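Engineer: Got a predicted structure here, sequence first:
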Amino acid sequence: MDSKNASTQALLADAPSLIDYLTDDDRQHFELFKEGLSEAKIDFVINPRLVRGLDYYGRTVFEWTTQALGAQGTICGGGRYDGLVEHLGGRATPGVGFALGMERVVLLMEALQVIPDTYQTQADVYLMPQHPHCESAIRELARALRTHFPELRVMTHIGGGSLKSQLKKADRSGAEIGLIIGEAELDHRQVVFKPLRGGEQETLAEVEIFNRISELKDTSWIT
């Protein structure tokens with residue numbers, strides 16, 4: 001399927017499409033994956049003949065491409081390999097991996113003129129969903145924060161876990177503020193605003209979060 005031979009590609013033109021033979025479970029996973037991309041406003045094109053390491057990839061393979069670099073448009077590519085760790089003798093472990101061309105990333109940053117003067121690894125705000133149903137709202141809040149405050153370093157928790165474990169990771173991130181959405185907050189369009197370095201926790205309406213962060217930008221909390 002990855003062949004550049006014209007006669008081989010001609011044979012593949014009428015070949016069955018892999019996407020028509022997904023199991024119900026895999027199809028549901030694929031639909032949720034596409035929904036996540038759409039929510040994140042990431043443009044994508046479904047390519048049923050995309051080939052990447054068929055020995056170990058499963059469910060999802062991807063390539064990230066750009067039109068800003070001419071013919072050298074592939075920036076990175078990878079996919080899921082949920083069965084790889086177990087195949088090598090470990091316990092069943094979900095996994096995803098990718099290969100990324102650092103030089104092309106630098107060229108892309110130069111082409112888009114987005115190279116910052118300095119790099120910061122410490123987060124300012126750490127977002128924590130308390131239920132899978134809340135993850136979409138957390139992602140939307142993260143996008144809105146980055147749009148309103150481009151200089152803000154926003155980190156979103158992934159992988160579930162208890163609130164206690166999420167707060168530990170929030171603390172390790174160096175963030176000054178934790179934003180938490182549970183099912184109750186989701187129902188009332190609210191967010192728990194939790195200072196992580198001292199201060200009183202509050203439950204605020206979503207729109208109030210932006211005002212509060214604007215106030216804090218003038219203090220030492222967010223640099």
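Structural biologist: Nice, thanks for sending it over.

Engineer: mind listing the strands for this structure?
Structural biologist: Counting by DSSP state E, the chain has these strands, from start to end: 58-65, 74-80, 96-100, 125-129, 154-156, 177-181, 190-195, 202-205.

Engineer: And the contacts of the third one?
Structural biologist: In this case it means strand 96-100. Thr60, Phe62, Ile75, Cys76, Gly77, Gly78, Gly79, Arg80, Tyr81 (Cβ atoms under 8 Å, 6 or more residues apart in numbering). C-beta coordinates here come from the backbone N, C-alpha and C atoms, glycine included.

Engineer: now the angle from it to strand 58-65?
Structural biologist: With axes from the mean of the first three to the mean of the last three Cα atoms, to 10 degrees as the basis, strand 96-100 and strand 58-65 are set at 20 degrees to each other.

Engineer: and Ile46, how far is that from Arg27?
Structural biologist: Taking Cβ to Cβ, to the nearest Å as the measure, Ile46 falls 13 Å from Arg27.

Engineer: just Val192 next, same as before
Structural biologist: In this view, Val192 and Arg27 are 36 Å apart by Cβ to Cβ.

Engineer: Which one of these two is surrounded by more residues?
Structural biologist: More neighbours surround Val192 than the other of Val192 and Arg27, with 18 against 12 (other Cβ atoms under 10 Å).

Engineer: How about the contacts made by the nearest residue to that one once chain neighbours are set aside?
Structural biologist: In space, not counting the residues next to it along the chain, Val192 is nearest to Ile180; the distance is 3.9 Å by Cβ to Cβ, 6 or more residues apart in numbering. Contacts here follow Cβ under 8 Å, 6+ apart; on that basis Ile180 touches Leu127, Met128, Gln130, Leu163, Val191, Val192, Lys194.

Engineer: likewise Gly174?
Structural biologist: With contact taken as Cβ under 8 Å, 6+ apart, Gly174 is in contact with Gln122, Ala123.

Engineer: Count the neighbours of His157 for me.
Structural biologist: The burial metric for His157, expressed as a neighbour count using other Cβ under 10 Å, is 21.

Engineer: How much space separates it from Ala10?
Structural biologist: Distance from His157 to Ala10, by Cβ to Cβ: 48 Å.

Engineer: Domain-wise, how is the protein divided?
Structural biologist: The chain breaks down into these domains under automatic domain parsing: 6-112, 125-216.

Engineer: just to revisit the earlier point, in the contacts of strand 96-100, find the pair that's most separated.
Structural biologist: Greatest spacing in the contacts of strand 96-100, by Cβ to Cβ: Ile75 and Tyr81 (19.9 Å).

Engineer: Below-threshold pLDDT in the protein: ranges please.
Structural biologist: Low-confidence regions of the chain, defined by pLDDT under 70, span residues 53-55, 116-121, 217-223.

Engineer: Give me the nearest residue to Phe210, chain neighbours excluded.
Structural biologist: Counting by Cβ to Cβ, 6+ apart, the nearest residue to Phe210 once its immediate chain neighbours are dropped is His148, at 5.7 Å.
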